[in-house]
Each structure stands twice: as C-alpha cells, then as structure tokens.
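Student: Just need the structure, nothing else, for what follows:
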Amino acid sequence: MHLTLAAAEALVIDALKRSGVEEGNSRSVARALVAAEAAGQGGHGLRRVVAYAAQAKSGKVDGIAKPVVFQPFPSVIQIDACHGYAYPAFDLAVPLLSEMARKQGIALAAIRRSHHAGVLALTVERFAEAGLVALMVANATASMAAWGGRKPVFGTNPIAFAAPVPADDPIVIDLALSRVARGKIMAARQKGASIPANWAFDRDGQPTTDAVAALEGTMVPSGEAKGAALAMMVEILAAPLAGANFSFESTSLFDDKGAAPGLGQMLIVINPEASGGSFAASRLGELAAEISSDPSVRLPGRRGQNARKYALEHGIEVEDDVIDAILTI
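Tutor: Numbering: from 1, shown residues only. Here you go, the predicted model:
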C-alpha cells in the first residue's frame, strides 16, 4: 500500500491509542517508526507496531508514562523513561542537551528504564543539524555471545555518531555491532523468508539460514572478536553507567511476555567550537569534501537522508501484511 508519511503516522498513532498509549507518546513513537521506515530501516519501522501495541496492552511498556529528568551535575542529566517508550525520552533529551552543550561545551544524558532505541541515527542527526556533534549508544535484549561463547550476553548494542557539515547534510554513522540488525531477522521471520548463513548462529552455535532458529540462537558480531569487544564497551556505557538493566537481564522487545525491558541509552553531545575552536566547523567541511572527491565514495548517512527526502515528497510503500496487522490491533 502507498502511504504519505502523514498517513503512515496517523495509522500508527491510531493503533497505539487503541492499545492504551497516551496521545503525545503515540505521536512520538509514530514519528520515529515512520522516519525509520522512510529511511529504509523497515526492521525498526512499521513492523514494530504490533509488538509495541501488544506490550502496551499487557503492561510490559507503560504507554502513559512520561520521562522524568534529574540533573546531578551541570553537564549531566539522568532521564528515567519510567518503563515507557524510548522516543519520548529522546525528544526530551534533544533540546536540553543542545542548550547544555552550547553553554558548557559538552553534555551527557544517561537514560534508564527505557525501551527499544530504534534507529539511533535519527536521534544523533538532530544534534548535527543544529551544529553539534553527537555520540549515542544503546543496549538491547541479549542476542550476542561474548566471542567464543554460546550464551547470549550482549544485545546488538548499536553505536551512532553525527557531525555537522557546513551547508550540507550531516555525516551520520549508525552501526549495530552484530553483522546485521536483529530487526532484519525479525522481518525475515514475519515474511517466512530465509536469511544469509553469516548473520546468526542457532542454539548449538552453528550458522543458520532459518530466521526462527536465528532468533533462538545468537547473532554473529560484526568484526568477530572486535565487534564483541565493542558490544561490551556499549554495554558498560548503556547499562551500569546509565543505571539500566544489562542486556542479559532484559526481556524480549519482540513479544508482550515478562517484565519491562528496562534498557539504557547514553548520549554525549559536543559543541565543536568549544573543543576545536572557531575553525572546527570548516574543518569538518574540508574532511567531507575530501572524502566526497572520490567518485566511488558516499558519505555515511546519505542513503538514509536521500531516502527520507524522497519519502517526504513521494510517500512510502508498505507491505499489505504489515498494514493488515496494524489495522487489526
């Protein structure tokens, strides 16, 4: 089905409100999921609506909760998502951190008792569009073993980074530390499709092309031992340093069973002028220009940015089974 972005957001808002989610939270979630869909990240887009709604109905996520801010230090805020969706916490963090970073040079937000972080690129990009540099990490339900092991300890634990480019779109990097985002395997399961053999291991630690077996096993880390080590780094930043659950303590983001996931995210925002002086912005532009001068190279983030621009003008195509599932919530 072809939908405008506004129509897609209205579809999601209605489904979440029917599930007991407060209107403001519904709008925040809808904007994030539709933006992910528009950016070509379907695993973090509209296919999440059914699980999000079911979790609101069961109480696994609090659809009425509003995030609460504490400021224990001048450059640090703690945000308690109160077991609600993550996106309202991000919406709260962006203006607060932006103002703090401009005044103090750097600002940090630690978010706890949170939910699925979605496409981190969409959050860090908001800072870069305002001339700031942002780094974000998040943990997720355990799906990846420490290197050499079979027991899920870490989530896919993404890292995202964005930096402004004068008179151009920001540079945006968003990496799951598994070989692929787990949402791609979830989407394959929903479609009844197989997956490449290098995406995941089954319960016995063997490569699998079966999406169901993959979700019951573990993800292959990107870069093998290096990716697993980076996942541990993210786990430390997003869980104990944010006051959140470890990945192995969190419940699934794909169903409505169990307690709230209680995940964590950390955002670090830098005013480039504070650290690099008045020429920092122009130097970022020089780097972008040097990279772009190679005709074989595309700056990180451009594919998603171009896809969203196209979707804003032309709308998006959503699979009929996804639409039917949302309408029957």
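Student: what's the closest residue to Gly155 other than its chain neighbours in contact with, if anything?
Tutor: Residue nearest to Gly155 in three dimensions, not counting chain neighbours: Ala140, with 2.9 Å by Cβ to Cβ, 6 or more residues apart in numbering. For every residue, glycine as well, the C-beta is placed using N, CA and C. Contacts here follow Cβ atoms under 8 Å, 6 or more residues apart in numbering; on that basis Ala140 touches 116-117, 155-158, 182, 247, 250, 253, 263.
Student: quick check, Ala140 in a helix?
Tutor: No - counting by DSSP: H, G, I helix; E, B strand; the rest coil, one finds Ala140 to be coil, located in no helix.
Student: got a list of what Arg302 touches?
Tutor: With Cβ under 8 Å, 6+ apart, Arg302 has these contacts: Asp169.
Student: Revised request: answer the last question for Ala35.
Tutor: Residues near Ala35 by Cβ under 8 Å, 6+ apart: 119, 122, 308.
Student: Just give the closest residue to Asp91, not the sequence neighbours.
Tutor: Distances taken as Cβ to Cβ, 6+ apart place Ser28 nearest to Asp91, at 5.4 Å, with adjacent residues excluded.
Student: What is the burial count for the nearest residue to Gly45 once chain neighbours are set aside?
Tutor: What sits nearest to Gly45 in space, not counting adjacent residues and going by Cβ to Cβ, 6+ apart, is Glu37, at 3.2 Å. Using other Cβ atoms under 10 Å, Glu37 is surrounded by 28 other residues.
Student: Least confident secondary structure element in the protein?
Tutor: One helix or strand of the chain scores below all others by mean pLDDT, DSSP states H and E: helix 182-191, with a mean of 85.
Student: what helices or strands is that helix leaning on?
Tutor: Secondary-structure packing of helix 182-191 (3 or more Cβ pairs under 8 Å, 6 or more residues apart in numbering; DSSP states H and E): helix 211-216.
Student: Could you list the buried residues of the helix it packs on?
Tutor: 211, 213-215 (16 or more other Cβ atoms under 10 Å).
Student: want to throw the residues you listed into TSV with pLDDT and distance to Ile106?
Tutor: Supplementary listing: the buried residues of helix 211-216 in TSV, determined by pLDDT from 0 to 100; distance: Cβ to Cβ, whole Å:
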residue	pLDDT	distance to Ile106
Ala211	94	42
Ala213	93	44
Ala214	92	39
Leu215	89	39
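Student: could the residues you listed go into CSV alongside distance to Pro67?
Tutor: As requested, these are exported to CSV (distance: Cβ to Cβ, whole Å):
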residue, distance to Pro67
Ala211, 33
Ala213, 37
Ala214, 33
Leu215, 29
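Student: Between the residues you listed, which sits nearest Leu177?
Tutor: Ala214 (16.3 Å; Cβ to Cβ).
Student: Please enumerate the strands of the stretch 151-300 of the chain.
Tutor: Applying DSSP state E, counting those that start in this stretch to the stretch 151-300 of the chain gives strands spanning 152-154, 159-165, 168-175, 200-201, 218-219, 263-270.
Student: I'd like those strands laid out as JSON lines, including distance to Met136 and mean neighbour count.
Tutor: Listed next are the strands of the stretch 151-300 of the chain as JSON lines, based on distance: least, Cβ to Cβ, whole Å; neighbours: other Cβ atoms under 10 Å:
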{"stretch": "strand 152-154", "distance to Met136": "17", "mean neighbour count": "22"}
{"stretch": "strand 159-165", "distance to Met136": "5", "mean neighbour count": "23"}
{"stretch": "strand 168-175", "distance to Met136": "9", "mean neighbour count": "20"}
{"stretch": "strand 200-201", "distance to Met136": "25", "mean neighbour count": "24"}
{"stretch": "strand 218-219", "distance to Met136": "20", "mean neighbour count": "26"}
{"stretch": "strand 263-270", "distance to Met136": "5", "mean neighbour count": "26"}
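Student: Looking at those strands, which is nearest to Gly243?
Tutor: Closest approach to Gly243 among those (Cβ to Cβ): strand 263-270, 7.0 Å.
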